[in-house]
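*Asks:* what follows is a predicted structure for the sequence shown.
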Amino acid sequence: MPIIKLVKGKSPNIPNDCYIAENATIVGEVTMGNQCSIWFNAVIRGDVHYIKLGNKVNVQDGAVIHATYETSPTNIGNNVSIGHNAIVHGCTIQDNVLIGMGSIVMDDCVVESNSIIAAGAVVTKNTRVEAGSIYAGTPAKKIKDISKELISGEINRIANNYVKYSSWFKE
């Protein structure tokens, strides 16, 4: 049974069509869109500020989503994949974004639409990732523009696959 917990009078809002793994944790002021999936050992902790997820967001195994007390909420758009063991903290992730495995996106960053944060990248505080680009490294820097093939072949494919994968666990 997942840990879904009220904090300071605020409880998560999770639509019925979302999949939440048995050992995922979702607490406090968290609002999720439709067709989201929160995977094994993922933590979404809306205790110090709100966290909003759009539609078709998948938060993969071991990922952590948090915010900064009273200053930096976390807003995540539609069709977003947050890779295994990634950390998304007090930032804005727009639509159609892939956050790679083990990457970190820090406070007050904005990751614009149709972008990829490479596995292991560290997007430092206040960075703005321009739409349609790939950022990699520590600290993360733009390495190239994204192609239409990567948008359909990676960003959309992964988001759609996680909707399919979650259906296997609902049976």
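*Replies:* Alright, I've got the coordinates. Numbering: from 1, shown residues only.

*Asks:* the lengthiest strand in the chain - contacts with which helices or strands?
*Replies:* Identified as the longest strand of the chain according to DSSP state E is strand 43-53. If you count contacts as 3 or more CB pairs under 8 Å, 6 or more residues apart in numbering; DSSP states H and E, strand 43-53 packs onto strand 25-31, strand 64-66, strand 74-76. Where you see a C-beta, it was placed from the backbone N, CA and C, and this is true even at glycine.

*Asks:* packing partners for the second one?
*Replies:* So that's strand 64-66. So strand 64-66, by 3+ CB pairs under 8 Å, 6+ apart, packs with strand 43-53, strand 74-76, strand 87-89.

*Asks:* how far does it sit from its chain's centre?
*Replies:* Centroid separation for strand 64-66 versus its chain: 8 Å, with CA atoms, centre = their mean, to the nearest Å.

*Asks:* how about residues contacting it?
*Replies:* 42-45, 48, 51, 59, 74, 76, 82, 86-90 (CB atoms under 8 Å, 6 or more residues apart in numbering).

*Asks:* next secondary structure element downstream of the helix or strand bottoming out on mean pLDDT in the chain?
*Replies:* The weakest-scoring helix or strand in the chain, judged by mean pLDDT, DSSP states H and E, is helix 148-150 (a mean of 87). Per DSSP states H and E, the first helix or strand lying C-terminal to helix 148-150 is helix 157-170.

*Asks:* return that following helix as PDB; C-alpha atoms alone will do.
*Replies:* Taking Å, rounded to 0.1, in the frame of the first residue of the first chain, the C-alpha atoms of helix 157-170 are listed here in PDB:
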ATOM      1  CA  ARG A 157       7.600   7.300 -26.800                       C
ATOM      2  CA  ILE A 158       8.700   7.100 -23.100                       C
ATOM      3  CA  ALA A 159       5.600   9.000 -21.800                       C
ATOM      4  CA  ASN A 160       3.300   6.800 -23.800                       C
ATOM      5  CA  ASN A 161       5.100   3.600 -22.800                       C
ATOM      6  CA  TYR A 162       4.700   4.500 -19.100                       C
ATOM      7  CA  VAL A 163       0.900   4.800 -19.500                       C
ATOM      8  CA  LYS A 164       1.000   1.300 -21.100                       C
ATOM      9  CA  TYR A 165       3.400  -0.100 -18.400                       C
ATOM     10  CA  SER A 166       1.200   1.200 -15.600                       C
ATOM     11  CA  SER A 167      -1.800  -0.600 -17.100                       C
ATOM     12  CA  TRP A 168       0.000  -3.900 -16.500                       C
ATOM     13  CA  PHE A 169       0.100  -3.200 -12.800                       C
ATOM     14  CA  LYS A 170      -3.600  -2.300 -12.600                       C
END
